[in-house]
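1. Model the following, please.
(chains A and B)
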Amino acid sequence: MLPPMSFAPRAEASSGTSALTIDLRAVSRSYGSVHAVDAVTLGIDAGEFVALIGPSGCGKTTLLRMIGGLDAPDSGEIAYREHDRVLSAELALQRAAICFQEPRLLPWRSVLANVELPLELLGVERDERRERAMASIGRMRLGDAADRLPSQLSGGMRMRAAMARALVTRPRLLLLDEPFGALDEVTRQELDEELYALWEQDRFTAVLVTHSIPEAVFLASRCVVFSPRPARVLVDRSIAIDDHSTSVRTSDDFNEHVRFLSTALLSGMRSGRSR
Amino acid sequence: MKPDAFVARALPPLIAIVLTLLAWEAAVRIAEIPAYLLPPPTRVASVLWDDRVALAWSTGRTATATLTGFLIAAVLGVVIGSVLTLSRWVERGLYPLTLLFQMVPLVAIAPLLVIWLGNGMRTVIAASVVVAIFPVIANTVGGLRATDPHLIELFDLHRATRWQRWRKLGVPSAVPSMLIGLRIAAGLATIGALVGEFVAGFGGDVAPLGIVIMTSMREFRTEKVFAAVGLAALVGFALFGVVSVLARIASRRFGA
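-> Residues are numbered from 1 along each chain as shown, chains lettered A, B, ... in the order given. As a prediction, the model looks like this:
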């Protein structure tokens, strides 16, 4: 049960903890003469982990930004639901978080102060802020580095700090834009594994944009392959893997998924080129 | 800083100063230049010693005006610079105007300040503010404008208010740039105060350095002019030094 009134009212007015359902209907977006996204229709269920895969510059990041309210579609509609209740974008996105490709930490703030930032902006009180930030930092196993500045951290640790910041508001929707793209392979797999564990615990809705098909197969319960620009859905495939330790990456089952999605991606790129 | 490092950095300029003074002294004596044209450093030094009490008071007054002018310029400059970046329209409309103002030579404004504010300290401080404020405004605007767009997006994502964005993102990002403006302003505040004193330094019990320079000039006491100029330079240098030290501490804090 929640302690009475201890959360900021603006932040947690709709403090239902259930994940969001998102419906994209014929969503299009162009920049000048460039069609980034073309009439994409896609339903994302509550608590689902969806990976968006596609060639570089195909518009999947644009799609993610529109879901997160950082960009608006030219036409089409994005609807957010909590169970059967339709929410306004404003209300729905109050508990959304994005992890970008870059950690985007404030260089003058310690890890702790960085993680506190979203709560600070929501007006959460200092003591509670600190407590929740420390908990989130602990979950990302960064406890020892709480007082350090971003410049004193490795790339992997910076990403952990960014994740801790994204999770500190207990988001109902987590958007991930190529979050571990700049990291070395070992660190990346390690963070993939932890991200999966966090998602399994919290069951927020997650949307991941990635270039790495193995990463998508490892993390996601569903992979959507897009065509080259303008982005259209080519393949929509459910992934069911029981084991989520790093060793699964060498299993036949895992590789079958990877092979299938790679083929889909490549054939999409070929037909895109011949058009 | 370790003592060795301090010596390594302080020693070369000290040697250069001493050598310059020695060369000056020697040149004046060998060429037999009359003292009212160019007094040797030893004569300047003896005036400094003989008039030490009066000169200390004068320096105090000029320093007070400089410091006050600098502080007002610092606060006002940051506020004006921040207001200018509030909206693109305000910035487009008013920023060129502030730059235009900067081109107006102070010496031309100083008599106007006398008309508006009369003789005395107020006018001197106002002159100091007028000269020192523009680099603060320009560097505040520049710093705020250069805020990382990625971080602005982060604040937008979390629906930060304009005030939150200014306080928690804009100002900290702009601090290094603001400090550059403040360092420039420290030097300019002294110049502004002296020009102010030339036109409005009269009155009051203690003559500020600007007045000391003017009266000594009329009395052909060139060595005293030099003494006062040296002290004025010292005021500017001290303020510059303090601001530089604060700047170094702050930039370590803000990681720039």
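2. near chain B, which residues of the stretch 151-275 of chain A?
-> A:S151 (C-beta under 8 Å from any C-beta of the partner chain). C-beta here means a position set from N, CA and C on the backbone, and glycine is covered the same way.
3. Quick one: mean pLDDT for stretch A:20-39?
-> Mean pLDDT, stretch A:20-39: 87.
4. Ends of stretch A:160-178, what's the gap?
-> End-to-end distance for stretch A:160-178, by C-alpha to C-alpha, to the nearest Å: 14 Å.
5. Just the buried positions in it, please.
-> A:160-169, A:171-178 (16 or more other C-beta atoms under 10 Å in any protein chain shown).
6. Equivalent analysis for stretch A:23-31, please.
-> Buried residues in stretch A:23-31, counted by 16+ other C-beta under 10 Å: A:23-24, A:27-30.
7. Could you list which of the buried residues of stretch A:160-178 belong to helices?
-> Members of the buried residues of stretch A:160-178 lying in helices (criterion: DSSP state H): A:160-167.
8. just curious, which of these is nearest to A:D71?
-> Of all those, A:D71 sits closest to A:A166, with 18.6 Å by C-beta to C-beta.
9. With just CA atoms, put the helix or strand encompassing B:S46 into PDB.
-> For B:S46, the enclosing helix or strand under DSSP states H and E is helix B:41-50. Once non-C-alpha atoms are left out, helix B:41-50 reads as follows in PDB (Å, rounded to 0.1, in the frame of the first residue of the first chain):
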ATOM      1  CA  PRO B  41      60.700  54.100 -10.600                       C
ATOM      2  CA  THR B  42      62.600  55.100  -7.500                       C
ATOM      3  CA  ARG B  43      60.900  58.500  -7.500                       C
ATOM      4  CA  VAL B  44      57.500  56.900  -8.000                       C
ATOM      5  CA  ALA B  45      58.300  54.600  -5.100                       C
ATOM      6  CA  SER B  46      59.200  57.500  -2.900                       C
ATOM      7  CA  VAL B  47      55.900  59.300  -3.600                       C
ATOM      8  CA  LEU B  48      54.100  56.100  -2.900                       C
ATOM      9  CA  TRP B  49      55.800  55.900   0.500                       C
ATOM     10  CA  ASP B  50      55.500  59.600   1.400                       C
END
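10. now B:A193: how far from B:A63?
-> Separation of B:A193 from B:A63 (C-beta to C-beta, to the nearest Å) stands at 9 Å.
11. Of those two, which one has the most company?
-> Shown here are B:A193 and B:A63; by other C-beta atoms under 10 Å in any protein chain shown, B:A193 has more neighbours (36 against 21).
12. Sticking with the spatially closest residue to B:L179 that is not a sequence neighbour, tell me its helix or strand.
-> If the residues on either side of it in the chain are set aside, B:L179 comes closest to B:A247, at 4.0 Å by C-beta to C-beta, 6 or more residues apart in numbering or on different chains. With secondary structure defined by DSSP H and E, B:A247 is part of helix B:222-253.
13. just the angle between that helix and helix B:41-50, please?
-> With axes from the mean of the first three to the mean of the last three C-alpha atoms, to 10 degrees applied, the angle from helix B:222-253 to helix B:41-50 works out at 80 degrees.
14. neighbours around the residue nearest to B:L179, how many?
-> Quick note: B:A247 (other C-beta under 10 Å) scores 18 neighbours.
15. Next up, the contacts around it.
-> Going by C-beta atoms under 8 Å, 6 or more residues apart in numbering or on different chains, B:A247 touches B:179-180, B:182-183.
16. out of those residues, who has the most neighbours?
-> Greatest neighbour count in the contacts of B:A247, by other C-beta under 10 Å, goes to B:L182: 27 neighbours.
17. if you average pLDDT over the helix holding B:S46, what comes out?
-> The average pLDDT within helix B:41-50 is 91.
18. repeat for stretch B:185-196
-> Across stretch B:185-196, pLDDT averages out at 92.
19. low-scoring stretches of chain B, by residue?
-> B:1-3, B:254-256 (pLDDT under 70).
20. how about the helices in it?
-> Secondary structure of chain B (DSSP H): helices at B:3-31, B:41-50, B:52-84, B:88-103, B:106-117, B:121-145, B:149-157, B:162-165, B:171-200, B:209-218, B:222-253.
21. coming back round to it: list the buried residues for the helix holding B:A247?
-> Neighbour-count burial for helix B:222-253 flags B:222-229, B:231-232, B:235-236, B:239-240, B:243, B:247, B:250 (criterion: 16+ other C-beta under 10 Å).
22. ditto for stretch B:192-205
-> If you call a residue buried by 16+ other C-beta under 10 Å, then stretch B:192-205 has these buried ones: B:192-201.
23. what does stretch B:201-221 give?
-> Neighbour-count burial for stretch B:201-221 flags B:201, B:207-214, B:216, B:221 (criterion: 16+ other C-beta under 10 Å).
24. now stretch A:90-98
-> A:92-98.
25. Contact partners for the residue located most distally from the centre of chain B?
-> If you look at how far each residue of chain B sits from its centre, by C-alpha atoms, centre = their mean, the farthest one is B:L157, at 40.9 Å. Contact analysis of B:L157 by C-beta under 8 Å, 6+ apart lists A:68-70, A:96-98.
26. repeat that for 7 Å
-> Residues in contact with B:L157 (C-beta atoms under 7 Å, 6 or more residues apart in numbering or on different chains) are A:68, A:70, A:98.
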